[in-house]
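Student: how would this look folded up:
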Amino acid sequence: MSQETSAAESAQPALGPDVFPLADEAALGRWARLVADDGLDVGPGKRLALALVPVPEATPASDPRWLQVASALEALSDAVGGAEGEAFRSRWRAHVEARKAGGGETIAGLQALLSSMEALPLFHAGLAGYVWRRAAPLPGSASVRAELLGRIERHLRACEALLKGQFETGPIEFTAWRSKAAPPVGYSGLKVPKGLLAAAKGHYPQIDAGTWTTEATLTLTAIDAGVTLLRAGRATALGAGQRFTLGRLDVLTSERPAKLRHDEVGDMSLGAGAVVTAWDVGPRFAGPGRERVQAKVAAAQGGDAKALEQLQSILPAAHLEIRRALADKPQAPGSPGLRTLLELFDQ
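Tutor: The predicted model follows:
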């Protein structure tokens with residue numbers, strides 16, 4: 001057994017069997033009640049995402065946006081009810097209170113957020129993206145980070161499978177109760193199309209994570225051997241000269257110092273034992289490459305449409321510099337375009 005194979009196996013995350021997470025029609029119905037719009041308002045899951053995702057880092061506890069978050073969290077928890085709803089409420093309320101107080105987060109804590117969602121079952125791309133965004137800057141071993149990203153990948157694949165299934169069976173529909181009498185106990189007004197569960201299960205094995213697979217990627221070449229790519233619960237040892245794509249749900253690790261190359265940004269270095277994701281790959285590029293990225297960001301912020309377009313193809317290498325530029329000059333002519341690029345990276 002080669003040294004590269006041994007390193008790859010030791011870094012593989014423990015994800016368990018890859019099966020579609022909604023086991024039966026009852027679980028599908030519970031999911032539908034949490035994600036479907038009711039004709040007057042968005043579904044409880046989407047309401048929480050719309051309230052929580054836009055709240056930036058270091059938002060003071062007195063900011064009224066936290067009241068919207070609290071209201072959405074309570075509404076979602078109440079919609080679930082029972083022990084599952086209380087467990088979800090407790091976990092996410094603790095997370096929100098820690099954010100308001102500026103407390104630290106851990107990958108394990110964010111794993112627990114995802115687990116509490118899936119226990120309901122709530123599969124929602126916006127909230128899964130939020131968990132990714134919170135976890136991305138945190139330190140952790142290759143296997144720990146890859147396990148969380150692998151779980152997020154499966155979560156997003158389930159969302160994609162359910163969406164694609166509705167293209168075939170028709171969408172979930174809501175019918176308001178029209179009688180003057182009170183609706184019967186348990187009436188939700190939701191009609192889940194027949195065959196949706198079977199359709200989603202059929203798509204799940206071969207479906208990917210949608211835009212999380214195809215957007216905001218970086219094509220690199222491994223100049224040296226000894227680098228391992230962790231993706232979707234699998235570890236691949238990269239050979240010298242091998243080209244590959246680094247996505248937002250991937251982890252790179254190196255057993256010894258190694259060099260990678262991007263055709264435009266140039267060379268980057270990994271030290272022995274390095275753990276790198278699309279979030280933190282940018283600072284590892286050599287000085288000339290970082291300067292090229294900085295120049296493109298400055299030009300785009302000045303209103304250069306061509307530079308803005310070029311940044312879209314190297315977002316993992318550029319997003320941290322874009323964030324810095326927006327913090328320094330939020331009202332610059334090209335800042336709205338840069339914010340749109342960050343949305344492509346963050347969601």
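Student: Which residue ranges of the stretch 1-150 of the chain form helices?
Tutor: Per DSSP state H, counting those that start in this stretch, the stretch 1-150 of the chain carries helices over the ranges 3-11, 25-35, 44-52, 65-80, 82-100, 107-118, 125-135, 142-169.
Student: Hmm, I typed the wrong one, I wanted the stretch 201-347 of the chain.
Tutor: Ranges of helices in the stretch 201-347 of the chain, per DSSP H, counting those that start in this stretch, are 211-214, 287-301, 305-312, 315-328, 335-346.
Student: just to revisit the earlier point, now render the helices of the stretch 1-150 of the chain as TSV, adding mean pLDDT and mean neighbour count.
Tutor: To be clear about C-beta, it is placed using only N, CA and C from the backbone, and glycine gets the same treatment. Converted to TSV, these look like this (pLDDT from 0 to 100; neighbours: other CB atoms under 10 Å):
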stretch	mean pLDDT	mean neighbour count
helix 3-11	46	15
helix 25-35	95	17
helix 44-52	96	21
helix 65-80	96	18
helix 82-100	95	16
helix 107-118	96	18
helix 125-135	96	21
helix 142-169	97	22
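Student: Make CSV from the ones you listed and add distance to Arg243 to it.
Tutor: Below are the helices of the stretch 1-150 of the chain laid out as CSV (distance: least, CB to CB, whole Å):
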stretch, distance to Arg243
helix 3-11, 17
helix 25-35, 38
helix 44-52, 35
helix 65-80, 43
helix 82-100, 39
helix 107-118, 29
helix 125-135, 25
helix 142-169, 21
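Student: among those helices, which is nearest Leu338?
Tutor: helix 125-135 (16.9 Å; CB to CB).
Student: got the CA coordinates for the closest one in PDB?
Tutor: Extracted C-alpha coordinates of helix 125-135, given in PDB (Å, rounded to 0.1, in the frame of the first residue of the first chain):
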ATOM      1  CA  ALA A 125     -30.700  24.700   0.900                       C
ATOM      2  CA  GLY A 126     -30.600  28.200   2.500                       C
ATOM      3  CA  LEU A 127     -30.100  26.900   6.000                       C
ATOM      4  CA  ALA A 128     -27.600  24.300   4.900                       C
ATOM      5  CA  GLY A 129     -25.700  27.100   3.200                       C
ATOM      6  CA  TYR A 130     -25.800  29.100   6.400                       C
ATOM      7  CA  VAL A 131     -24.200  26.300   8.300                       C
ATOM      8  CA  TRP A 132     -21.500  26.100   5.600                       C
ATOM      9  CA  ARG A 133     -20.900  29.800   5.900                       C
ATOM     10  CA  ARG A 134     -20.500  29.700   9.700                       C
ATOM     11  CA  ALA A 135     -18.200  26.700   9.600                       C
END
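Student: still on that earlier bit, figure out which of the helices of the stretch 1-150 of the chain is closest to Ala237.
Tutor: Of all the helices of the stretch 1-150 of the chain, helix 3-11 comes closest under CB to CB, at 3.8 Å.
Student: Show the contacting residues for Phe345.
Tutor: Counting by CB atoms under 8 Å, 6 or more residues apart in numbering, Phe345 makes contact with 216, 248, 315-316, 319.
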